[in-house]
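Engineer: Build me a model:
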Amino acid sequence: MTSGNRRIGILGVGFGSDVHIPGFRSEGWDVAAVYSRKEERARTAAGENDVSDFHTDAYEMISRNDLDAIAIATPPTPHHDFAIAALNAGKHVLCEKPFALSAAQAAEMRDVAASSGRTAMVAHEFRHTPQREQIKELIDDNYIGEFKLASLELYLGRGGSETPPTMTWASSRADGGGFLGALGSHFIDGLRYWFGDVDTVTGRLDTFQPDRTDDSGAIVQSQTDDSFTFTLTFKNGGSATMICSSAVTPARGARISVMGSHGTLFAEQNSPNPAEDGGILGSQGGGPLEAIETPARLVPFSDDRDPRLMAFRLLVRDFNRGIEEGTSPAPNFVDAWRCQQILDAVRESSDTGRTVRID
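Structural biologist: A predicted model of the protein is given here:
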């Protein structure tokens, strides 16, 4: 069966509508149904995206015999149950991050995926951005020599509004909210992609702008981080430190420095997400930083509908390949579990003040 004959249901109509629906369609899928808990949201998303069916019961959609795959783009609370139900129903699964509420949940999802024979991947699509792919290639080609140290910064801002943002699941720790999971997970996946598995984790979470507004207009307090720092050491050697905040002014985007025994790489991004067109500076042997040309093959096309779509569509191509080959290409549920272990370890370290070792 070619991808042009495959049918998928999308759970979640926020990011699901913005990226999953156009991304899967552009790679040959028939988006047959969407789901939201709220009927009006589900109906509207189906109408606006020309999807024939909508559901307010996720398990009703998962159980359909005419769907080959399920994409999970809801907030993280139901990811565990939805993914396991879909795999047990014989569906291939692409699940958004944050992947789960805990490493224990993630491990169960990993194990069910492994025994299902289905393709199961996590949507860390930024591996496919030109900048991060090129950093991986340069490291593998020994451009920097033996990896020693990476330094990452990400500074974003709330904006000029004096009204606190609305209290949502993103401000609830029990629901998997927080800036660490929202964007830190992408960077952690990128660090594992470049340097391998993590040995130890030290971290700290902070909430510098805790005020939120509830449905009545009252001021309530966020339970989750808007800022974090962590240091990771890697089983293959070297370490990485990241400092990140969504509560600073002005926002400055991200800076990534990767240093080795005889070379350095430096990359910037102006927004929360890496750019579609890449851009890296490099230095070897103590020379000045100079621009390294981005290979054209790392920018195979452009998609002006959403800056995240090129990377997401490349991820879907891997998903398609996995279905055809009977595999789960990286980033898969093993990668998602490993990332969740690190997220849990940052939170544990912040709570206890101790360094946490990853088994």
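
Engineer: where do the strands sit along the stretch 151-300 of the chain?
Structural biologist: 198-206, 211-213, 219-221, 227-234, 239-245, 253-260, 263-269, 280-284, 290-292 (DSSP state E, counting those that start in this stretch).

Engineer: Direction included, what does the last one pair up with?
Structural biologist: The reference is to strand 290-292. Partner strands and pairing direction for strand 290-292 (DSSP bridges) are strand 280-284 (antiparallel).

Engineer: again with the longest one
Structural biologist: On the basis of DSSP bridges, the sheet neighbours of strand 198-206 come out as strand 227-234 (antiparallel), strand 356-357 (antiparallel).

Engineer: Check what contacts the last one and list those residues.
Structural biologist: It refers to strand 356-357. Defining contact as CB atoms under 8 Å, 6 or more residues apart in numbering, one finds that strand 356-357 is touched by 199-202, 345, 348-349. Placement of C-beta: from N, CA and C, glycine included.

Engineer: Recalculate using a threshold of 10 Å.
Structural biologist: Outside of strand 356-357, the residues within contact range by CB atoms under 10 Å, 6 or more residues apart in numbering are 198-203, 233, 341-342, 344-350.

Engineer: among those residues, who's most crowded?
Structural biologist: Within the contacts of strand 356-357, Val346 tops the neighbour count with 27 neighbours, counted by other CB atoms under 10 Å.

Engineer: In stretch 314-329, which of the residues would be classed as buried?
Structural biologist: Residues of stretch 314-329 classed as buried: 314-320, 322-323, 328-329 (neighbour count, 16 or more other CB atoms under 10 Å).

Engineer: closest to Gly176 among the residues you listed?
Structural biologist: For the buried residues of stretch 314-329, the minimum distance to Gly176 (CB to CB) is 21.1 Å, reached by Leu315.

Engineer: what sits against the closest one?
Structural biologist: So Leu315 contacts 23, 27, 94, 121-128, 329, 331 (CB under 10 Å, 6+ apart).

Engineer: hey, which of the strands paired with strand 198-206 is tucked in deepest?
Structural biologist: strand 227-234 (a mean of 21; mean count of other CB atoms under 10 Å).

Engineer: send the alpha carbons of it over as CSV?
Structural biologist: Provided in CSV are the C-alpha atoms of strand 227-234 (Å, rounded to 0.1, in the frame of the first residue of the first chain):
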residue,chain,number,x,y,z
SER,A,227,12.8,29.2,33.0
PHE,A,228,15.3,26.4,33.4
THR,A,229,19.0,25.4,33.4
PHE,A,230,20.6,22.0,33.1
THR,A,231,23.9,20.4,32.6
LEU,A,232,24.2,17.0,31.0
THR,A,233,27.2,14.7,30.8
PHE,A,234,27.4,12.1,28.1
